[in-house]
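Enquirer: Quick one: sequence and predicted model below, then my questions.
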Amino acid sequence: MISLTNIEKVYRTSTIETLALNNINLHIGQGEFASIMGPSGCGKSTLLNIIGLLDAPSKGSISVGGQPVTSYSDQEMARLRNQRLGFIFQSFHLINDLSVLDNVEIPLLYRKQISAAQRRQMAQEALERVGLSNRVKHFPKQLSGGQKQRVAIARAIVGRPEIILADEPTGNLDSVMGNEILSILQGLNNDGATIVMVTHDEAMAKKTHRLIRLFDGTMVGDTTLTLC
Amino acid sequence: MLANYIKIAWKVLLRHPFYTFITLFGISLTLTVLMVLTSFIDHLVGSHYPETNRNRSLYIEKMVLRDSSRSSQNSGPMSFKFLTQYAKTLKTAEKVTITSFFRTSNAYAGAQKIKLNTKYTDAAFWEVMNFTFLEGKPYNEQNIRNGELVAVITDDFRRQYFSDLSEPVVGKDIEVESIHYKVIGVVKGSPPTRIFSYADIYFPYTVPKSNYEQDDIMGGYVAVVLANKASDRKAVQEEFQDKIRRIPLPGNRNGFKYDIAEVGCAPYVESMLSIFMEGGPQVKVIFYSVIAFLMFMLMGLPAINLVNVNVSRIMERSSEIGIRKAFGAPIRTLLMQFIVENIFITFIGGTIALVLTLITIYLINQSGWIAYADLTINLNVFLVSIGVCLLFGLLSGVAPALRMSKLSIVEALKS
């Protein structure tokens, strides 16, 4: 599904050069639920951003569905993100000026073939899926942390992407809410979605199928987990 | 998508009332100035009372006589005789009127001196111009042939000259420069900015002091040619220039020997602009440079200022930009979003400006600063105003939108 070959990411300033990722080779297969773990600053989010085409690697190549995408134009990258990827962020990243429904509709705005009525319908269905169909007219500021993250999940899945990338989706939530979010993600995975999740919660990671460990920008472990 | 953009733009406006006030104040003030200016230009060059036929008229207002070396020249209006021979005989025109430019004069209402402007015209003047007669009627060919001392006055002059306004003044006597005239009609006056129709009193050209019999090629008269329709004007111009080519040359005018005679026959704006263009291409460059500079001062500077305000406003929304990019918005779409938002804001400013312009125009019209001023917001002014709003919105929106769209997604999301 997604393959990373010899990925390297270097951050340069005028005085310093930081190697954030070093020689990463990784393949995420269809239907997998993989978690990425490691201490703070080890490059987890950087890796997720590169997998999600939000950031470009300094070296190496990425292919999605067997297609190399490193040389894609802005327009092609945008189309790929829009149609095949969905994102969930730790701090939700909802647009406070828009209602819950409008927030969820965002990915569909950039698909020309979907009418306004279809958009509305699909957004409502996504919100039903995360149990928030009664909050469509609310604004993000009127919601709890857990509710915000559920809106963010609805936004990630509204366009029915094949891959969902979650960057510490439970990081800002209490354990009850965290478990609730994780069970939604598990449900999505059971329905066929490929999920890659960054977490520093060992217990959460153990509920996924595969655990990738990073240390100082290097992949130090890749374990397939057997779920109890 | 458009509704989504506008919804966001509206929310952003409400988020920071002070910023919004500054932005809208700047936009509406600039646009008010531009709209009032447009209205004033329309007042000057548009087809308005009583020159409602300007769009199908041609103006013959100046003759230039030059010697063969082009080192000396005589220029100015023409004689009545010349225009009778060369303009009045145009076959392609519907009507041609010969009229003098207005001349200053004095009249006395009892002991009170009234400064006024007079104009000598033919009968066709009243057909080419669309004056509204409040009393009486215009003088006709018969009055002119008989050399009758009659006059058409404006309502403003009537108010100044006659103390009793309850009675009609047609048939009454007025005295101008020691000559008695009978008032034959009263018209609603024309603003002094419309020099071909403006005067306080109109006389038939056969009254004394009109100099219509002056035996010279130049004099104090101009002609307005009315074509059947606007598109016929080219044919009229060609016929007129054909006649001008037949002026006997070389000629001698009061000792000045001329070899070249040029007479323009042009639409109103062109005719007026020719005054500025007289000095050749260099003057043309200066004229257009001044216009460009004024436009820059009026639109460019406020736009640059607005760019700064917009940059801060847009950068504040970098997280939103990151989100939209992450979910598939290409740079082009984001650029469009911010430009649409900016145009939306500009149009709010434009609506405020429209109200301010209406108030300003009302005040100008009522102030008496320009007699008979009739500044309006008509369709032309309105369309130009919309164009100006669009241009201003683009000018002040493109730069911030470009800067924003180049933000990397990760950086944008971090903020």
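Expert: Structure received.
Enquirer: going forward, measure contacts and count neighbours with C-alpha atoms only.
Expert: OK.
Enquirer: mind listing the helices for chain A?
Expert: A:44-51, A:74-84, A:100-109, A:116-129, A:145-157, A:175-190, A:202-205 (DSSP state H).
Enquirer: cool, and chain B?
Expert: So, for chain B - with DSSP H - the helices run B:2-15, B:17-45, B:80-86, B:125-128, B:141-145, B:155-161, B:233-244, B:268-277, B:281-295, B:301-315, B:318-326, B:331-367, B:379-405, B:409-414.
Enquirer: check whether stretch A:64-78 contacts chain B.
Expert: Yes - using CA under 8 Å from any CA of the partner chain, stretch A:64-78 reaches chain B at A:74-75, A:77-78.
Enquirer: Of the residues you listed, just say which sits nearest to B:Ile144.
Expert: Using CA to CA, the shortest approach to B:Ile144 within these belongs to A:Gln75, at 78.1 Å.
Enquirer: Now do the same contact list for the residue nearest the centre of chain A.
Expert: By CA atoms, centre = their mean, chain A has its centre lying nearest to A:Leu165, at 1.7 Å. A:Leu165 sits next to A:48, A:52, A:85-88, A:195-197 when contact means CA atoms under 8 Å, 6 or more residues apart in numbering or on different chains.
Enquirer: The residue of chain B found nearest chain A: neighbour count?
Expert: Closest residue of chain B to chain A, CA to the nearest CA: B:Gly328 (4.1 Å). By other CA atoms under 10 Å in any protein chain shown, the residues close to B:Gly328 number 28.
Enquirer: what does A:Val136 give?
Expert: By other CA under 10 Å, the residues close to A:Val136 number 18.
Enquirer: How about B:Asn228?
Expert: By other CA under 10 Å, 15 other residues sit near B:Asn228.
Enquirer: and if you look at the one 4 residues further on?
Expert: As a burial measure, B:Asp232 scores 16 neighbours (other CA under 10 Å).
Enquirer: Read off the pLDDT value for it.
Expert: For B:Asp232, the model assigns a pLDDT of 96.
Enquirer: What sits closest to residue 66 if chain neighbours are left out?
Expert: All of this refers to chain A. Nearest residue to A:Gly66 in three dimensions, chain neighbours excluded: A:Met1, at 6.9 Å (CA to CA, 6 or more residues apart in numbering or on different chains).
Enquirer: looking at chain B here, not the other one
Expert: B:Gln73 (4.4 Å).
Enquirer: And for B:Val309?
Expert: Of all residues not flanking B:Val309 in the chain, B:Thr23 sits nearest, at 7.3 Å (CA to CA, 6+ apart).
Enquirer: Pick the most buried one from the helices of chain B.
Expert: Among those, ranked by average contacts under mean count of other CA atoms under 10 Å in any protein chain shown, first place goes to helix B:318-326 (a mean of 23).
Enquirer: can you give me how far that helix is from the chain middle?
Expert: Helix B:318-326 sits 49 Å away from the centroid of its parent chain (CA atoms, centre = their mean, to the nearest Å).
Enquirer: State the mean pLDDT of it.
Expert: Helix B:318-326 shows a mean pLDDT of 90.
Enquirer: Distance-wise, check the residue nearest to B:Leu14 when sequence neighbours are not counted relative to A:Ala156.
Expert: Spatial nearest neighbour of B:Leu14, excluding adjacent residues (CA to CA, 6+ apart): B:Thr20 at 7.4 Å. According to CA to CA, to the nearest Å, B:Thr20 and A:Ala156 sit 33 Å apart.
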